[in-house]
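Chemist: Dropping the sequence and predicted coords here.
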Amino acid sequence: MKRLLISTFALAFLTLIVSLSLVTKSAESVACGNPTIYNEFGVPVNYYGGIIKVNSNDFPDEASGIIQYPLKIKNSNTQAITLRINVTSSLKNIVFPLEINMAANQDKTPFNLNVDIRREKAGTLLLSGSCENGLPLPDGAINFFIETEVNQPVRECKNTIMSCGLDADNCQDLRTLNGCYNGVYRKYSCTSNNPTFAESCSDFCCREVYGPKGVCKSIGGVRQCSGPSQSVSLNVTNGKVSRSLNIDLLSPGTTNVLSSLTINGTGSMSTSSPKVDFKARFDNDKFIFMLKNTTVSSLGTKANLKIDAVSPSLSTLSVYRAFYVELPNGVEFSNIHLRMKYKDLSFRSENQISLYKCSNYNPDTNVCTSEWSKITSTLDGDYITANVTSFSAYLVGEPTTTTTTQSSGGSSGGSSGGSSGGSSGGSSSSSSSSSSSSRSSSGGGLTVTKGSETDTTGFTDFPKSTEVEAGSSVTVSGKFTTKHRPSLDNVVFAAKGILTTWYSFEPSKIDSLAYGGSEPVALTINVPETAIAKTYAVTLQASSGSSTTTYEKSIDLIVKAKPVATTTTVEQVTVNATTVPEEKSSLPTGAFLFASTLLAKGWYVIVALVGLALVIKFYPRGTRIKGSAHKVDDYLPAHEDYVEVKAEPVQKEVKAERKVQKKVADPKMEEARKKMIEEIRQKAMREQKKR
């Protein structure tokens with residue numbers, strides 16, 4: 001029995017080791033853990049419900065605006081991660097979202113969280129992200145509090161129609177705002193100290209705009225002021241050639257579209273509304289602007305609008321996208337709402353992204369004759385937005401001296417000097433190019449938009465697919481050819497569908513490629529061991545500051561799982577265990593063999609061999625043991641080897657012994673039992689008689 005217990009223990013021990021091995025393997029391939037975030041004092045904050053408090057007293061010089069709250073982050077994972085920090089609605093436009101890329105095993109790294117500390121606020125930072133192998137990071141939440149000085153509570157207006165506003169020094173009497181606006185009547189109210197209004201079409205207000213012919217009627221299911229139809233003709237160019245522009249005329253202050261048109265050069269549209277919000281979308285919605293409360297008649301019968309993407313070069317800014325706009329003379333509007341897409345660009349730090357304006361820009365020379373000035377802007381989803389009053393040129397970029405952690409769209413360790421490649425779309429006037437091309441392996445450059453470029457420019461000679469094992473690398477080669485006139489300048493290569501840490505181009509950039517030129521390009525993909533085995537749709541991209549097109553080529557990257565090698569020791573055990581089918585083998589079989597196969601590498605082999613040795617050492621041999629599942633034939637001659645025969649457990653003998661034990665009783669105990677029963681019976685009879 002002792003030997004059987006030892007054998008059972010050895011089997012259980014080996015099974016435990018197998019389980020631990022499988023769990024370890026599974027954990028490596030499933031996901032990575034959350035990073036560690038440290039507050040301004042270097043104290044770690046619980047990823048799942050921790051607290052961060054920002055006190056305006058700690059920032060006396062910045063108490064009137066936005067501060068950069070210093071935090072640190074540590075990635076203890078063996079693979080790179082991307083962490084995204086978003087906020088709940090109570091912190092919107094108070095704490096600004098952020099996206100951070102971390103290398104594998106990256107130690108404490110500082111980063112700044114932009115926080116508006118002018119008001120007391122409370123909310124939650126929502127943490128999410130992804131691992132290098134594509135699986136998600138655990139979702140987390142950190143409670144975030146902004147505290148102002150205790151002795152200086154925030155002063156507010158009274159939240160009434162006569163006292164409304166967030167600034168106690170500038171409370172508004174909203175009664176003075178009630179009245180006619182563009183043919184409709186507005187009635188104002190105050191909600192949470194924010195002025196709000198309700199509109200209704202009024203014939204009285206409509207006639208103020210159109211005269212006697214003005215009338216309220218249903219247009220598209222909405223009751224609106226209507227009058228004589230007015231026609232507007234537009235000519236859209238960059239000053240030299242035609243440009244394409246999507247235009248929507250909306251009811252002022254609403255999303256109700258009155259008229260829409262896609263203009264490629266010249267087009268016309270009409271509306272019966274005297275004033276509209278003139279919305280224009282350029283370069284596949286990379287650049288959007290809206291002229292609020294535009295007087296339709298001020299556009300004239302033929303308005304010339306100039307628009308294009310430009311490529312300014314600045315030593316102090318990394319320019320990611322820039323546009324030039326020249327409005328028709330005499331256009332009347334209240335203000336301009338500007339939106340420029342930035343999420344698809346390569347940048348280093350999202351919290352450094354800003355909008356810059358040049359009041360006097362020469363698109364022919366790509367020179368700002370005034371200066372580039374930073375304007376107040378807000379990050380809104382994929383766009384950076386601002387309200388402005390005039391046009392010339394606007395760009396999105398960041399200072400070249402920044403050293404903060406890059407965002408998701410960025411290339412790791414990107415160039416920090418000079419322009420990163422200019423605009424994302426459109427063509428600009430360029431100087432004569434050299435007939436030969438020069439190449440550079442430095443980073444930089446941006447993804448530009450699709451346009452009307454010919455199909456003869458782009459990637460050639462690249463394979464349709466390539467295979468690679470996880471933990472290995474593969475290189476695919478081809479060419480990049482151009483038929484762009486006069487040349488393609490600042491051509492930058494990138495890949496979509498895989499992480500930026502997986503790939504590299506050689507060269508990564510071509511400074512200039514003349515018409516008809518061709519350059520060899522090689523893409524090297526390093527697939528980490530933690531990558532999921534599947535087919536990745538990889539898109540090669542080439543962008544240029546002098547073209548409106550993104551040139552693309554699709555390649556299927558087939559990642560296969562890395563095979564697990566087995567040792568010859570385990571194979572030999574398997575052979576020995578199956579060579580004598582008629583006899584009981586002394587080598588491990590069944591679960592033992594399965595465990596040995598799984599543990600056939602590393603330190604697991606040593607543990608497995610120790611367990612096997614215990615089984616072989618104490619396994620019963622040549623001795624008849626009562627109750628054993630094995631027995632030896634007693635009638636073999638002494639000079640012959642015994643034959644061990646597997647037999648079923650002798651269960652009948654065990655049952656017989658147990659029955660005999662139950663029938664044997666102690667006479668004294670039996671006599672005492674009978675005596676007690678008799679006494680109980682006599683007592684019961686006496687009790688019965690008393691009743």
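Modeler: Received the coordinates, thanks. Residues are numbered from 1 along each chain as shown.

Chemist: how does this structure divide into domains?
Modeler: 36-147, 156-228, 229-399, 438-560 (automatic domain parsing).

Chemist: So for residue 688, which of those domains sits nearest?
Modeler: domain 36-147 (72.6 Å; CB to CB). To be clear about C-beta, it is placed using only N, CA and C from the backbone, and glycine gets the same treatment.

Chemist: what distance separates the start and the end of the closest one?
Modeler: 24 Å (CA to CA, to the nearest Å).

Chemist: repeat for stretch 85-96
Modeler: With CA to CA, one end of stretch 85-96 sits 9 Å from the other.

Chemist: Looking at that stretch now, give me its mean pLDDT.
Modeler: Mean pLDDT, stretch 85-96: 86.

Chemist: just stretch 293-308 next, same as before
Modeler: 84.

Chemist: same deal with stretch 340-354?
Modeler: 87.

Chemist: Next secondary structure element downstream of the helix or strand of the chain with the lowest mean pLDDT?
Modeler: When each helix and strand of the chain is scored by mean pLDDT, DSSP states H and E, strand 438-440 comes last, with a mean of 35. Where DSSP states H and E defines the elements, the next helix or strand beyond strand 438-440 is strand 458-460.

Chemist: What pairs with the following helix or strand past that next one, parallel or antiparallel?
Modeler: Going down the chain from strand 458-460, the next helix or strand is strand 465-469, by DSSP H and E. Pairing partners of strand 465-469, with direction, according to DSSP bridges: strand 551-560 (parallel).

Chemist: So for the partner strand, mean pLDDT?
Modeler: 88.

Chemist: Go ahead and name everything in contact with that strand.
Modeler: Outside strand 551-560, the residues that touch it by CB atoms under 8 Å, 6 or more residues apart in numbering are 453, 457-459, 462-470, 476, 478, 480, 497-498, 525, 527, 531-543.

Chemist: try 6 Å this time
Modeler: Defining contact as CB atoms under 6 Å, 6 or more residues apart in numbering, one finds that strand 551-560 is touched by 458-459, 462, 465, 467, 469-470, 527, 531, 533, 535-536, 538-542.

Chemist: and if you look at stretch 241-253?
Modeler: Under the contact criterion CB under 6 Å, 6+ apart, stretch 241-253 has outside partners 182, 236-237, 257-265, 271, 275-277, 279-282, 293, 307.

Chemist: Buried subset of these as a ChimeraX selection?
Modeler: To isolate the buried members of those in ChimeraX, using 16 or more other CB atoms under 10 Å:
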select :182,236,237,258,259,263,271,275,276,277,279,280,281,282,293,307
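
Chemist: Now, the contacts of stretch 241-253 that are in strands?
Modeler: Mapping these onto strands (DSSP state E) picks out 236-237, 257-264, 271, 275-277, 279-282, 293, 307.

Chemist: that's a helix at residue 211, yeah?
Modeler: Yes - per DSSP: H, G, I helix; E, B strand; the rest coil, residue 211 lies within a helix segment.

Chemist: All the helices of the stretch 1-150 of the chain, in order from the start?
Modeler: For the stretch 1-150 of the chain, the helices defined by DSSP state H, counting those that start in this stretch cover 2-30.

Chemist: got any ranges where it has weak pLDDT?
Modeler: Along the stretch 1-150 of the chain, segments meeting pLDDT under 70 span 1-31, 61-65, 149-150.

Chemist: Can you flag the buried ones in the contacts of strand 551-560?
Modeler: Buried among the contacts of strand 551-560 (16+ other CB under 10 Å): 458, 459, 462, 469, 470, 527, 531, 536, 538, 540, 541, 542.

Chemist: What distance do you get for the first one to residue 674?
Modeler: Applying CB to CB, to the nearest Å, one obtains 108 Å for the distance of residue 458 from residue 674.

Chemist: ditto for residue 218
Modeler: Separation of residue 218 from residue 674 (CB to CB): 107 Å.

Chemist: Can you check the pLDDT for residue 482?
Modeler: 83.

Chemist: neighbours of it, just the number please.
Modeler: 26 (other CB atoms under 10 Å).

Chemist: ok, back up a step: what's the closest of the buried ones among the contacts of strand 551-560 to residue 42?
Modeler: residue 531 (34.1 Å).

Chemist: The closest one contacts residue 471, doesn't it?
Modeler: No - using CB atoms under 6 Å, residue 531 makes no contact with residue 471, being 8.1 Å away.

Chemist: Measure how buried residue 375 is and give me the count.
Modeler: A count of nearby residues for residue 375, using other CB under 10 Å, gives 14.

Chemist: That one against residue 386, yeah?
Modeler: Yes - counting by CB under 6 Å, residue 386 is a contact partner of residue 375 at 5.5 Å.

Chemist: quick one: pLDDT of the residue nearest to residue 222 when sequence neighbours are not counted?
Modeler: Among residues not flanking residue 222 along the chain, residue 256 sits closest, at 5.6 Å (CB to CB, 6 or more residues apart in numbering). At residue 256, the predicted lDDT confidence score is 84.

Chemist: Residue 256: neighbour count?
Modeler: Counted with other CB under 10 Å, residue 256 comes out at 16.

Chemist: can you check residue 267 too?
Modeler: The burial count for residue 267: 15, using other CB under 10 Å.

Chemist: now residue 515
Modeler: Residues near residue 515, counting by other CB under 10 Å: 14.

Chemist: Low-confidence stretches in the stretch 201-350 of the chain?
Modeler: Ranges of the stretch 201-350 of the chain meeting pLDDT under 70: 220.

Chemist: That one: helices as residue ranges?
Modeler: Under DSSP H, counting those that start in this stretch, the stretch 201-350 of the chain gives helices at 203-210.

Chemist: Name whatever forms a beta bridge with the residue nearest to residue 276 when sequence neighbours are not counted.
Modeler: Nearest residue to residue 276, sequence neighbours excluded (CB to CB, 6+ apart): residue 249, at 4.3 Å. Beta-bridge partners recorded for residue 249 (DSSP bridges): residue 259, residue 278.

Chemist: again, but for residue 491
Modeler: residue 510.

Chemist: Report how many residues lie close to it.
Modeler: Neighbours of residue 491 (other CB under 10 Å): 29.

Chemist: hang on, it packs against residue 544?
Modeler: Yes - using CB under 6 Å, residue 491 is in contact with residue 544, at 4.8 Å.
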